[in-house]
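> Sequence first, predicted coordinates after that:
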Amino acid sequence: MNVLLVSGLGPEFPNDALLAGSAFEALAHPDRFPDRAGEISGLTSLHAESDGGRLPVLRRRRAANRIRTVSSVRLQHTEGDDESATAPHLTTFTVRAILRAAGIDHDHFPIEGIWNGSHPEPTGRFDVVLLSTTFIWDRATMARAITWVEERFPAATLVLGGQYSNLKFQQILDAHPFVQYVVRGDAEPALPHLLDALRRREPVGGIPNLVWRDQDTGRIRMTGIHYADLEALPSPAPTGRFPVIPYESMRGCPFSCKYCSFPAASPKWRYKSAEKIAGDFARYRDEHGAQYVKALDSTFTVPPTRLRALLPLLAKTGVAWEAYTRANSIRDQSVVDALTEAHCRALAIGFESMNDTTLKYMNKQVKAQANRTAFELLSQSTVHYWISFIVGYPGESPELFEDTKNFLVNEHQGHFALYVFMLNDETMPVWQDAERFGLKVFDADGDAEQWSHTGMDSATARRLQVETLREVRWKNDRAMQRTWQHDYELPLLPGRSTAENSRVEKLVDRLGMASADFPNADEAAGHRTRLLAELASHGVSSVAATR
């Protein structure tokens with residue numbers, strides 16, 4: 001039986017609205033702005049002194065490096081180090097390990113090839129196509145992927161699995177007759193048995209975690225859920241050597257934030273022991289050459305008892321790592337010291353808000369003071385951090401958001417993201433509060449980008465986002481939101497210190513955004529002149545200016 005696995009990242013949707021009117025917008029879409037060649041050359045001509053030569057400051061990132069990690073940050077093992085190695089995609093990594101363990105030969109096609117044609121299409125005949133929906137988040141994208149498979153492999157049996165189909169299996173099966181099976185929940189107890197049954201042409205009714213369309217009656221049938229024992233199962237491992245490896249230490253989530261549907265897809269929270277995790281890290285180091293692990297859990301730092309046992313064990317492995325955490329896990333200096341000794345290099349934290357009322361609406365189970373404590377501790381440490389915020393959560397008013405805005409403009413330092421709240425998933429617990437907050441969506445069949453509630457509407461939230469980012473850009477020298485950076489190699493100046501790279505990145509950000517932030521041409525030109533002068537002090541100047 002010939003099996004094809006189609007998995008990877010979802011389509012990219014650059015947030016062009018945040019770059020509207022800027023030189024970065026023109027640089028990203030030169031065909032749309034042929035009259036703005038001067039703005040484009042103003043950025044592309046920037047070069048820095050490097051090893052006796054001149055290195056472009058903005059260097060297009062190689063496609064292989066455009067991986068959206070948990071923290072969406074470029075990680076630095078040592079100060080100024082250019083870390084370009086990327087981890088295998090976690091879903092692909094896990095499913096391929098399941099198939100190999102079951103002795104199932106298969107081919108893999110990165111799903112990115114569906115969105116952008118970046119990979120040669122598979123050839124030949126496949127009996128079964130396994131389509132991962134983990135990074136699919138709307139009906140249109142799901143339909144596009146299913147259509148791609150159906151057009152190329154019309155005789156194949158299509159099997160879905162992953163986050164989106166876990167939540168929307170009924171909707172998908174109703175809308176797409178070509179989909180025959182959905183593996184919901186853990187794949188380990190179901191997928192090998194399903195493939196074996198398909199090969200033998202046997203009934204599938206005894207296989208757990210399965211939803212399917214009965215071929216005789218057309219009715220949807222399903223079996224009970226069986227959860228994999230993460231402690232007993234061998235953790236996935238790659239074939240060959242990889243400097244960076246993804247990791248999953250738990251499934252499900254112990255929290256119930258109302259903006260997140262993640263727990264609904266895997267209701268039972270399970271996690272590996274500290275001893276198993278440390279053993280896995282050591283095995284990846286010894287057998288696969290791993291130098292870095294990306295822990296892609298909902299939060300790696302809970303439960304607290306596991307974290308306390310885990311950090312000393314990880315310190316002995318010598319393997320660097322990054323992870324998600326919650327703010328209230330970073331309680332005091334002793335935790336930060338233990339993280340540092342355990343070779344933690346980066347943490348991603350969802351603060352979401354700096355207002356306790358808004359956090360209560362979200363059921364975040366974290367206070368603004370806990371956010372502030374985590375920030376203050378990490379900002380004085382060597383652990384890199386990336387913090388996310390939301391504007392427009394149901395019930396939040398512009399007045400409540402002011403606390404978050406003031407924190408970003410006046411206090412924050414380091415990388416962050418400020419997102420406008422999205423309502424594109426009907427399984428989000430926030431819908432339980434729809435009446436309470438007068439929640440309305442005006443494009444329920446689309447991406448749910450237009451909404452209103454008692455606090456504000458989506459247009460107001462987008463305005464607050466843009467205004468806040470503009471103020472942070474020009475009033476806060478230490479904070480940086482990632483917008484244009486995704487397409488370029490970071491750090492901008494390899495071999496320079498983290499502090500200098502942060503300053504140069506800030507200056508380039510201001511330089512590229514000046515035309516958008518200052519509509520008056522003379523005022524924008526004045527800012528650019530001052531920015532270029534400071535960049536020159538860091539050895540960064542226009543190639544033309546050096547001739």
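Received, thanks. Just so we're clear, the structure is a prediction, and the values are computed from it rather than from any experiment.

> Can you give the contact residues for stretch 50-59?
The contact list for stretch 50-59, computed with Cβ atoms under 8 Å, 6 or more residues apart in numbering, reads 27, 43-44, 46-49, 488-489, 492-495, 504, 508, 540, 543, 546. Quick note: C-beta positions are derived from backbone N, CA and C, even for glycine.

> Mind checking which of the residues you listed are buried?
By neighbour count, with 16 or more other Cβ atoms under 10 Å, these hold 27, 43-44, 46-48, 488-489, 492-494, 504, 508, 540 as buried.

> mind listing which of those residues are in strands?
Leu46, His47, Ala48, Val540 (DSSP state E).

> For the second one, give the beta-bridge partners.
The reference is to His47. His47 forms beta bridges with Pro56, Ser541, as assigned by DSSP bridges.

> separation between the residue lying closest to Arg372 once chain neighbours are set aside and Tyr324?
In space, and not counting its chain neighbours, Arg372 is closest to Met354: 7.4 Å by Cβ to Cβ, 6 or more residues apart in numbering. Separation of Met354 from Tyr324 (Cβ to Cβ, to the nearest Å): 19 Å.

> neighbour-wise, which of those two wins?
Neighbours per residue (other Cβ atoms under 10 Å) separate Met354 from Tyr324, with Met354 holding more: 25 against 19.

> wouldn't that one be in contact with Phe401 here?
No - between Met354 and Phe401 there is no contact under Cβ atoms under 8 Å: 9.2 Å.

> which residues touch Gln465?
Leu18, Val391, Leu418, Tyr419, Val420.

> Let me fix that, I meant to ask about His453.
Pro394, Gly395, Phe437, Gly438, Leu439, Lys440.

> what's the most distant pair in these?
Gly395 and Lys440 (13.5 Å; Cβ to Cβ).

> contacting residues around the closest residue to Ser458 other than its chain neighbours?
Take Ser458 and drop its neighbours on the chain: the residue closest to it by Cβ to Cβ, 6+ apart is Trp451, 4.9 Å away. The contact partners of Trp451, taken as Cβ under 8 Å, 6+ apart, are Phe421, Leu423, Leu439, Lys440, Val441, Phe442, Asp457, Ser458.

> Where does the prediction get shaky in the chain?
Within the chain, the stretches with pLDDT under 70 are 13-14, 62-86, 424, 444-447, 544-547.

> for it, which helix is longest?
helix 498-517 (DSSP state H).

> For that helix, which residues meet the burial criterion?
For helix 498-517, using 16+ other Cβ under 10 Å, the buried residues are 500-517.

> now stretch 7-19, how far from the centre of its chain.
Put simply, stretch 7-19 sits 11 Å off its chain's centre (Cα atoms, centre = their mean, to the nearest Å).

> From start to finish, how long is it in a straight line?
Terminal residues of stretch 7-19 lie 30 Å apart, using Cα to Cα, to the nearest Å.

> Okay, buried residues for that stretch please.
For stretch 7-19, a neighbour-count test (16+ other Cβ under 10 Å) marks Ser7, Gly8, Leu9, Gly10, Pro11, Leu18, Leu19 as buried.

> In contact with the fourth one, which residues?
In this case it means Gly10. Applying Cβ under 8 Å, 6+ apart, the residues near Gly10 are Ile111, Trp115, Phe135, Ile136, Trp137, Thr141.

> same thing but at 6 Å, please
Phe135, Ile136 (Cβ atoms under 6 Å, 6 or more residues apart in numbering).

> how's the protein carved up into domains?
19-75+503-546, 89-222, 244-495 (automatic domain parsing).

> Identify whichever of those domains lies nearest to Val3.
Here domain 89-222 is closest among the domains of the chain (Cβ to Cβ), at 4.0 Å.

> Ends of that closest one, what's the gap?
Termini of domain 89-222 sit 29 Å apart (Cα to Cα).

> count of neighbours near Ser379?
Neighbours of Ser379 using other Cβ under 10 Å come to 14.

> So it versus Thr317, what's the distance?
Counting by Cβ to Cβ - Ser379 and Thr317 are separated by 27 Å.

> just the buried ones among the contacts of stretch 50-59 now: which is nearest Leu191?
For the buried ones among the contacts of stretch 50-59, the nearest to Leu191 is Glu489 (37.3 Å; Cβ to Cβ).

> ok, that closest one touching Arg61?
Yes - Glu489 is within contact range of Arg61, at 5.2 Å (criterion: Cβ atoms under 6 Å).

> Quickly find the element holding Ala525.
helix 521-537 (DSSP states H and E).

> Pull the residues that contact that helix.
With Cβ under 6 Å, 6+ apart as the test, helix 521-537 has contacts from Leu507, Arg510, Leu511, Ala514, Ser515, Phe518.

> repeat that with 8 Å
Outside helix 521-537, the residues within contact range by Cβ under 8 Å, 6+ apart are 42, 46, 504, 507-508, 510-511, 514-515, 517-518, 541-542.

> how about the helices in the stretch 1-150 of the chain?
23-28, 37-44, 90-101, 112-116, 139-152 (DSSP state H, counting those that start in this stretch).

> Could you look over these and pick the most buried one?
Ranked by mean neighbour count, the helices of the stretch 1-150 of the chain are led by helix 23-28 with a mean of 24 (mean count of other Cβ atoms under 10 Å).

> who does that helix touch, helix- and strand-wise?
Packing partners of helix 23-28 (3 or more Cβ pairs under 8 Å, 6 or more residues apart in numbering; DSSP states H and E): helix 37-44, helix 498-517.

> hmm, 6 Å instead?
For helix 23-28, the packing partners by 3 or more Cβ pairs under 6 Å, 6 or more residues apart in numbering; DSSP states H and E come out as helix 37-44.

> Show me what the helix it packs on is packed up against.
Checking 3+ Cβ pairs under 6 Å, 6+ apart, helix 37-44 ends up next to helix 23-28.

> ok, residues contacting the helix it packs on?
Outside helix 23-28, the residues that reach it (Cβ under 6 Å, 6+ apart) are Leu19, Phe33, Arg36, Glu39, Ile40, Leu43, Trp484, Gly512.

> Flag every buried residue along the helix or strand hosting Gln170.
Taking DSSP H and E as the definition, Gln170 sits inside helix 163-175. Judged by neighbour count (16+ other Cβ under 10 Å), helix 163-175 contains these buried residues: Gln163, Tyr164, Ser165, Asn166, Leu167, Lys168, Phe169, Ile172, Leu173.

> Run through the residues that contact the fourth one.
If you count contacts by Cβ under 6 Å, 6+ apart, Asn166 has them with Arg184, Ala265.

> Any figure for the gap between it and Arg482?
For Asn166 relative to Arg482 (Cβ to Cβ), the value is 29 Å.

> Also the last one?
Per Cβ to Cβ, Leu173 is found 38 Å from Arg482.

> With the third one instead?
Going from Ser165 to Arg482 by Cβ to Cβ gives 29 Å.

> May I have the phi/psi pair for the residue nearest to Ser458?
Main-chain torsions, Trp451, degrees, to the nearest 10: phi -150, psi 170.

> can you check Ala479 too?
Per degrees, to the nearest 10, the backbone of Ala479 is at phi -110, psi 150.

> I'd guessed it sits against Glu471; true?
No - look at Ala479 against Glu471 with Cβ under 6 Å: they stay out of range, at 10.1 Å.

> For the two, indicate the residue with more neighbours.
Ala479 (22 against 16).

> residues contacting the more buried one?
Counting by Cβ under 6 Å, 6+ apart, Ala479 makes contact with His412, Gln413, Val472.
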